[in-house]
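J.: Please work out how this folds:
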Amino acid sequence: MGARPAPRWEAFRDAYIATDFRLDPAFAVQAGRHEQDGRLPDWSEAGLARRAEFLRGSIRRAEAFPAAALTADQRFERDYLVAVAKGRLFWLTDADQPHHNPAWYFSNGIDPGTYTSRPYAAPAVRMKAMIAYLRAVPGAVAQIRANLRMPMPASFIHYGVTAFGGLADYYPGDGKKAFASVRDPALQAAYDAAAAPAAAAMRQLAAWLQANAAHATQDYALGPARFARMLAATEMVDTPLDRLEAIGRADLARNKAALAEACARYLPGGTVRACIDKAARDKPAEGPVAAARRQVPGLRAFVVQHDLLTIPGREQALVAAAPPYNAQNSAYIDPPGPFDIGVPSIYYIAPPDPRWSKAQQDAYIPSRGDLLFTTVHEVMPGHFVQFLHANRAASPIGRLYVGYAYAEGWAHYAEEMMWQAGLGDGDPETHIGQLTNALLRNVRFLSAIGLHTRGMSEAESRRMFIDDGYQDPGNAEQQAARGTYDPAYLNYTLGKLMILKLRADWTRSHGGRAGWKAFHDQFLSYGGPPIPLVRARMLPGGGAAL
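T.: The predicted structure follows:
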C-alpha cells in the first residue's frame, strides 16, 4: 500500500484556528468572533495543560508538512504558524507566566474593553455580552488565585493590585456607565446582579495580593538562557546577548547625539537637561486627549501628501482617556479584529497616577512634541494603519496573529520615518519629541537585557530612564516596573532596527528613497510575523536581520 497523502495545508491551518478559538474564546472575541462573547478561557491546571499540548502538537504536525508539497505562500504560512505557536508556548510553559505573572491574564482575556468600548454591535447586545462575561469572572478569579504562586516580585504584586483592583471599581462604575444608553430595566438589573460578585471577587484577589506584599521579592529576572530562548521562540532572533546589547547601546548613542544637536538649536548654550525641561513645559493647552484628536487628521494629511504608504479602508481612530485598571500604559490603542468589519479603533491616553504628588502628575502629562509622536506611534501611520493592513492580509494567519516586535517595531519605526519624511519641517522642538520617544525605547531595550540577564535592579533601571531616557520620575518608575513583568519590551527598538535595516537593504535595489511606499505596503501586507521571516520573504538570502 502506498503512503497516505498528506492532509491539505489549508485544512490543517483552518483547524488550528478553530481549535485556538475554542480553547481561547477571549482571543476569538478580540478577533471579532462574537459567537464567543462573554466566555473566558479555562485557566485551570487542566485547561493550561490542554492549551500547551495543543501548541506542541500543532508545531509537530505543521513541521511534518514536507516543504516540497507546499507552495511558497504555504511554506511561509506554515513557518508563520509555527512561530506563533512556539512564542505562545514559551510564555505558557518556559516562562510559566500563568503561575508567576498577573500581567499574563490581561494579555490573555480578562480585559472587558471589547464589550464596553468597541462599538461592534448595539449597546444592548454588548451589554448582554458584558453580563455573561461578569458572570464568568468569579470562576476565572478562583482559577487565577489558585494559579499565582507566592512569594512574588514586588512590581508584579503592585501591577496585580492596581489592575485587579481597578477592574473591581470598573465593573460597577465606568463599565456600567458604558451602557447608560440602554433603557431596559431588566438588563440594567441583570448587570448590577452580575457586577457585584464579579467586583467582589476582583477586590478579594487584589486584597490577597496586597496581603502578600510584605513577603515580596525582587526575583523577576528570566536569566540569560531563558531570555535568549524568549527571543528565539517569540521573534526568531538568535543574536548573542553581548552583541544585542552593543547594538542597543550604539542606537542609544546615535539618538543622544541627535538630541544634543537638536537642543543646540532649540536652547543655544543650555544643557540637554534644560532643553528637555523647556520642551516638556510646552503642554497641549486643551489636554492630551483633545490635542490628540486634533493631531490625527493632520498626520493623515501628511502621510497622503507625501505618499508614504497606502491607508486602506474608511475606518476611524477615536481618542479616549484610558480606564484606571489599564493605566499602567501611558498610551495604547485597541484595534478591532479582522472579523469586526468597519469598527473604529480606540486610542487611549492614560491620566497620571492619582497617588503621585502634584509635581509628578504635572510632569507626567506629555509635551506637545512627545504627544505628537505618541499619536504617530499609536495611530498614523503606526498601529492603526498597521492593523488596517493586517486585517486585510491575504493569509488568515496574518490577519489573526500579529507579533510584538512586528507591531511595536513598526509603530516605533513610523516615528523616525515620519521625521525623516519631513514632519515638523525641521523644527528642533518637534525633533526633540521624536528623539525622547526613541530614547525611551532605547532604555527599555537596555533595561530588559539588564533586568533579566545582568542583575540590574529596578532602581538602577529607573535611574537609566531618567539619566539616559530623560523621563520624568513618574514615567521612569512605571517604565522600570514594566521591564520586570514585560521582559519583551525591548521589542520596540529591536523591531524598529530590523525594519530600518530591511528597508535599507530592500530599497537599495528598489529605487532608494522613492521605494519607501512600495516597501511599506509590502512589509505591512504580511500581517505580523516575526521580522526575520518577513526579511527572508522580501530578500531571499539577504543576510542577517540585525
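J.: Can you pull out the low-pLDDT segments for this structure?
T.: 1-7, 325-329 (pLDDT under 70).
J.: count of residues packed around E286?
T.: Look at E286: counted by other CB atoms under 10 Å, it has 11 neighbours. C-beta: built from backbone N, CA, C; applies to glycine.
J.: Give the full set of residues in contact with it.
T.: E286 sits next to R294 when contact means CB atoms under 8 Å, 6 or more residues apart in numbering.
J.: any chance you could map the strands in this structure?
T.: For the chain, the strands defined by DSSP state E occupy 317-321, 331-334, 345-349.
J.: partner strands of the second one, parallel or antiparallel?
T.: Right, strand 331-334. Strand pairing for strand 331-334, using DSSP bridges, gives strand 345-349 (antiparallel).
J.: Touching stretch 184-197 from outside, list them.
T.: Here stretch 184-197 makes contact (CB under 8 Å, 6+ apart) with 124, 127-128, 130-131, 134-135, 137-138, 171-172, 175-176, 179, 182.
J.: if we go to 7 Å?
T.: 124, 127, 131, 134-135, 138, 171-172, 176, 179, 182 (CB atoms under 7 Å, 6 or more residues apart in numbering).
J.: Return the set of buried residues in that stretch.
T.: 187, 190-191, 194-195 (16 or more other CB atoms under 10 Å).
J.: Next, count neighbours for I341.
T.: So I341, with other CB under 10 Å, has 12 neighbours.
J.: that older thread, which members of the buried residues of stretch 184-197 occur in helices, if any?
T.: Judged by DSSP state H, these include 187, 190-191, 194-195 as members of helices.
J.: Touching, L267 and I276? I think so.
T.: No - L267 is beyond contact range of I276, at 9.3 Å (criterion: CB atoms under 7 Å).
J.: Settle it for me: which of these two has more neighbours?
T.: Using other CB under 10 Å as the criterion, L267 and I276 rank with I276 on top: 23 against 19.
J.: residues touching the more buried one, list them.
T.: Going by CB under 7 Å, 6+ apart, the list of residues near I276 reads 436, 470.
J.: ok, it to M380 distance?
T.: 25 Å (CB to CB, to the nearest Å).
J.: Now do the residue lying closest to P351 once chain neighbours are set aside: how many residues are near it, please.
T.: Closest residue to P351 apart from its sequence neighbours, by CB to CB, 6 or more residues apart in numbering: A321 at 6.1 Å. By other CB under 10 Å, the residues close to A321 number 14.
J.: give me every residue that touches A321.
T.: With contacts defined as CB under 7 Å, 6+ apart, the neighbours of A321 are 289, 348-349, 351.
J.: just these now: which is nearest A250?
T.: I349 (31.8 Å; CB to CB).
J.: The closest one and A331 touch, don't they?
T.: Yes - counting by CB under 7 Å, I349 does reach A331; the two are 5.0 Å apart.
J.: Counting neighbours around each, name which of these two comes out higher.
T.: I349 (24 against 20).
J.: between the strands of the chain, which gets nearest to L244?
T.: strand 331-334 (25.6 Å).
J.: Can you list the neighbours in contact with the closest one?
T.: 113, 117-118, 345-350, 374, 378-379, 383-384.
J.: now with 6 Å?
T.: Here strand 331-334 makes contact (CB atoms under 6 Å, 6 or more residues apart in numbering) with 113, 345-349, 374, 378, 383.
J.: what's the most distant pair in those?
T.: Longest span within these, CB to CB: G113 and T374, 19.1 Å.
J.: neighbour-wise, which of those two wins?
T.: With neighbours defined as other CB under 10 Å, G113 and T374 compare such that T374 has more, 24 against 18.
J.: how near is A18 to P532?
T.: The gap separating A18 from P532 is 28 Å, by CB to CB.
J.: Compare those two (neighbour count), which wins?
T.: Under the neighbour definition other CB under 10 Å, A18 and P532 were set side by side, and P532 has more, 19 against 11.
J.: how close does the more buried one sit to L309?
T.: According to CB to CB, P532 and L309 sit 22 Å apart.
J.: And this structure, split by domain according to the record?
T.: Domain assignment for the chain by automatic domain parsing gives 9-215, 230-283+296-311+362-538.
J.: Distance to R355 added to those, as JSON lines?
T.: Output for these, formatted as JSON lines (distance: least, CB to CB, whole Å):
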{"stretch": "domain 9-215", "distance to R355": "10"}
{"stretch": "domain 230-283+296-311+362-538", "distance to R355": "10"}
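J.: Tell me which of these lies nearest to D340.
T.: D340 lies closest to domain 9-215 among the domains of the chain, at 3.6 Å (CB to CB).
J.: circling back: quick check: the farthest pair among the contacts of A321?
T.: Spanning the widest gap among the contacts of A321 are Y348 and P351, at 10.4 Å by CB to CB.
J.: The two: which is more packed in?
T.: A count of neighbours by other CB under 10 Å puts Y348 above the other of Y348 and P351, at 23 against 16.
J.: Give me the number of neighbouring residues for R75.
T.: If you count neighbours by other CB under 10 Å, R75 ends up with 17.
J.: residues in contact with it?
T.: For R75, the contact set (CB under 6 Å, 6+ apart) comprises A67.
J.: In the stretch 401-546 of the chain, what residue spans correspond to helices?
T.: 404-420, 428-453, 458-467, 473-485, 491-507, 516-524, 531-538 (DSSP state H, counting those that start in this stretch).
J.: Now the phi/psi pair for P119, please.
T.: Per-residue torsions, P119: phi -80, psi 60 (degrees, to the nearest 10).
J.: Where do the helices of the stretch 251-400 of the chain begin and end?
T.: For the stretch 251-400 of the chain, applying DSSP H, counting those that start in this stretch gives helices covering 272-280, 288-305, 358-364, 368-378, 383-390, 396-400.
J.: Same list, those helices, but as JSON lines with distance to G109 please.
T.: Listed next are the helices of the stretch 251-400 of the chain as JSON lines, based on distance: least, CB to CB, whole Å:
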{"stretch": "helix 272-280", "distance to G109": "37"}
{"stretch": "helix 288-305", "distance to G109": "27"}
{"stretch": "helix 358-364", "distance to G109": "29"}
{"stretch": "helix 368-378", "distance to G109": "22"}
{"stretch": "helix 383-390", "distance to G109": "19"}
{"stretch": "helix 396-400", "distance to G109": "15"}
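J.: Of all those helices, which one is nearest A421?
T.: Across these, closest to A421 is helix 288-305 (CB to CB), at 7.8 Å.
J.: and stretch 478-496, how far apart are its ends?
T.: With CA to CA, to the nearest Å as the measure, the ends of stretch 478-496 fall 22 Å from one another.
J.: And that stretch, what's buried?
T.: The neighbour-count check on stretch 478-496 (16+ other CB under 10 Å) flags 478-496 as buried.
J.: Equivalent analysis for stretch 243-257, please.
T.: Quick answer for stretch 243-257 (16+ other CB under 10 Å): 244-245, 247-248, 251-252, 255-256.
J.: Dump those residues to TSV, plus distance to A211.
T.: TSV is the format used below for those (distance: CB to CB, whole Å):
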residue	distance to A211
L244	39
E245	38
I247	43
G248	38
D251	42
L252	40
N255	43
K256	43
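J.: Out of those, flag the one nearest to G469.
T.: Nearest member of those to G469, counting by CB to CB, is L252, at 8.9 Å.
J.: what's the nearest residue to the closest one if we skip its chain neighbours?
T.: Excluding its sequence neighbours, the residue lying closest to L252 (CB to CB, 6+ apart) is N442, at 4.1 Å.
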